[in-house]
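Novice: I would like the atomic coordinates for the input below:
(one chain, ligands or ions: 1)
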Amino acid sequence: MTENCSEYAIAGGGPAGAHLATRLAAAGRSVLLFDPRGAWEKPCGGGVPARAVREFSHLFKDCGRPRNQVYRLTLISPAGKRITLSLKQPFEIYSREVLNRLLLDRALSAGARFVQTSVTGFLRQNGEWRITTNGREEWRARVLVGADGAGSFLRRRLVGIFPVRDVSIAFGYNVEDSKVRRESEDPDEVIIKFPTKLTGYLWAFPRTDVINFGVISKLGEKTSDELRGLLVNFVRDHFGGRLPEPGRMKFFGAKIPTLALPSWSDLKSTGEGWALIGDAAGFADPITGEGIYYALKSSDLLADALVGEDGNLPARNYEEALARYERSWRKEFGRDLEQASSRLQQFYHGRFFGHAISDAVVRLARTHKGVRIVLERALMGEQSYSTLKRDLLRRAFQVF
Ligand SMILES: Cc1cc2nc3c(=O)[nH]c(=O)nc-3n(C[C@H](O)[C@H](O)[C@H](O)COP(=O)(O)OP(=O)(O)OC[C@H]3O[C@@H](n4cnc5c(N)ncnc54)[C@H](O)[C@@H]3O)c2cc1C
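Specialist: Here you go, the predicted structure:
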């Protein structure tokens, strides 16, 4: 292939795109990876759940990059009830620049070619893609993959943007940690707070250098000012009623795909010679907004379909491989995410034992070990949404 030609072209070098580039390049395929930013501090909590750490241990174990491993997690219910759980497996928290650098370095070592620029156009001609970057340079590839995040340019052109019902908005502050560690009561725990009347939650994630505070809510549910108000109060409460000086607080905000139930059945993530992965495909947990696991998992499934699990598939029947990917993501996590969408309203606004669900669960977890176990599994990403309520009820009634 000539210099501007490759078998695969991937737009987006975040977790989804970089991991796919690694898998394809390691299987000996030629890969172009485009991203205007390279490794950057993407607006994100950077929380990598235990399931991702375990399933992708070859990426995270002994990776030698700074990250915080947190074994304690406090939940605060709308009524102000608290429970602190001791996690058996840690919740790992990365700066996104560090995480992206880790994954991008792997892609480069595997042989992917990284081009620091944006994909600005593409056209299918005679069974291949003609891709434009920065509106000027031209590239060619057989398969084009959109890994360009929640605001995906490729998605917009190939299937259309996410409708409002499929999007959440998240705001946050990274608060410098040097003084914070002394001021804050216990920095090495994750805190999740469920405010009343919010289809979302607040979080505090201690990173190695900052505390990452954030709030997530369905787009259009609250105004930006209302969400920022909730967030500022949360940060202030965390520091005993006093906000850190503005110079120590860095604001961020971005959208997350959190698909509504009707959107799953006709969700399209492939077509002739193209595929979408990660946020661009809509793969984030509709209840929590967590998407790093699904970015890695969807790119793994696409790589399995294209080059086989051992990287040895010689066939280049792309359409068959893309159809296989479409089936595998639905089977591996699509149904569970669809279940999560169906339970979104009940999760945040439903009643359980006569209380708001999070109040009831926190109350029960304080006294019932079984409920605590189910809750821990849910927080580690290891509890299926389809059985969450059943398992909570079963555990709750075990002790009565
Ligand atoms: C505030 C916030 C907090 C979050 N917290 C968490 C969390 O704690 N844990 C968790 O699991 N998930 C979290 N998420 C979700 C998580 O950030 C995403 O699910 C995850 O980053 C998706 O990875 P991705 O590779 O699909 O997309 P991204 O990480 O968004 O990467 C997309 C890449 O594409 C590049 N790009 C964009 N346009 C183009 C273009 N035209 N051409 C080429 N490249 C392009 C961008 O520069 C970017 O690097 C959070 C999201 C937000 C907004």
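Novice: quick one: the helices in the stretch 201-350 of the chain?
Specialist: In order along the chain, the stretch 201-350 of the chain carries the following helices (DSSP state H, counting those that start in this stretch): 224-238, 261-265, 292-307, 318-329, 335-349.
Novice: from the structure, what's the count of residues near residue 66?
Specialist: Residue 66 has 11 neighbours, counted by other C-beta atoms under 10 Å. Using the backbone N, CA and C atoms, a C-beta is placed for each residue, glycine as well.
Novice: what sits against it?
Specialist: Residues counted as contacts of residue 66 (C-beta atoms under 8 Å, 6 or more residues apart in numbering) are 94-95, 98, 208-209.
Novice: the same query, at a cut-off of 10 Å, please.
Specialist: Going by C-beta atoms under 10 Å, 6 or more residues apart in numbering, residue 66 touches 94-95, 98, 207-209.
Novice: just the buried members of those residues?
Specialist: Buried subset of the contacts of residue 66 (neighbour count, 16 or more other C-beta atoms under 10 Å): 94-95, 98, 207.
Novice: how about the residues of the protein by the ligand?
Specialist: 11-17, 34-37, 42-47, 118-119, 147-149, 153, 170, 172, 214, 254, 256, 278-280, 284, 289-293, 295 (C-beta under 6 Å from any ligand atom).
Novice: these in strands, which ones?
Specialist: Among the residues of the chain next to the ligand, DSSP state E puts 11, 34, 47, 119, 170, 172, 214, 254, 256 in strands.
Novice: ChimeraX command for the buried members of those?
Specialist: Entered in ChimeraX, the line below selects the buried ones among these, by 16+ other C-beta under 10 Å:
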select :11,34,47,119,170,172,214,254,256
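Novice: including pLDDT and distance to residue 362, could the ones in strands among the residues of the chain next to the ligand go into CSV?
Specialist: Shown next, in CSV, are those (pLDDT from 0 to 100; distance: C-beta to C-beta, whole Å):
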residue, pLDDT, distance to residue 362
11, 98, 42
34, 98, 45
47, 96, 20
119, 98, 45
170, 97, 23
172, 97, 23
214, 97, 20
254, 97, 29
256, 98, 25
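Novice: re earlier: which of the residues of the chain next to the ligand are buried?
Specialist: Buried members of these, counted by 16+ other C-beta under 10 Å: 11-17, 34-36, 42-47, 118-119, 147-149, 153, 170, 172, 214, 254, 256, 278-280, 284, 289-293, 295.
Novice: where's the residue lying closest to residue 152 once chain neighbours are set aside relative to residue 274, distance?
Specialist: Nearest residue to residue 152, sequence neighbours excluded (C-beta to C-beta, 6 or more residues apart in numbering): residue 280, at 3.7 Å. Counting by C-beta to C-beta, to the nearest Å, the separation of residue 280 from residue 274 is 11 Å.
Novice: that older thread, mind putting the helices of the stretch 201-350 of the chain into TSV with mean pLDDT?
Specialist: Below are the helices of the stretch 201-350 of the chain laid out as TSV (pLDDT from 0 to 100):
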stretch	mean pLDDT
helix 224-238	96
helix 261-265	97
helix 292-307	97
helix 318-329	96
helix 335-349	92
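Novice: I'd like those as TSV, with distance to residue 248 appended.
Specialist: Below are the helices of the stretch 201-350 of the chain laid out as TSV (distance: least, C-beta to C-beta, whole Å):
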stretch	distance to residue 248
helix 224-238	11
helix 261-265	39
helix 292-307	26
helix 318-329	41
helix 335-349	31
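Novice: looking at those, which is buried most?
Specialist: Highest mean neighbour count of the helices of the stretch 201-350 of the chain: helix 292-307, a mean of 25 (counted as mean count of other C-beta atoms under 10 Å).
Novice: now find how far off-centre that one is within its chain.
Specialist: Relative to the centre of its chain, helix 292-307 is centred 13 Å away, using C-alpha atoms, centre = their mean, to the nearest Å.
Novice: list the helices and strands that helix packs on?
Specialist: strand 5-11, helix 15-26, strand 47-48, helix 50-55, helix 96-110, strand 137-146, strand 274-276, helix 318-329 (3 or more C-beta pairs under 10 Å, 6 or more residues apart in numbering; DSSP states H and E).
Novice: helices or strands up against the following helix or strand past the fourth one?
Specialist: Toward the C-terminus, helix 50-55 is succeeded by helix 57-60 as the next helix or strand (DSSP states H and E). Taking 3+ C-beta pairs under 10 Å, 6+ apart as contact, the helices and strands that helix 57-60 lies on are helix 15-26, helix 50-55, helix 96-110.
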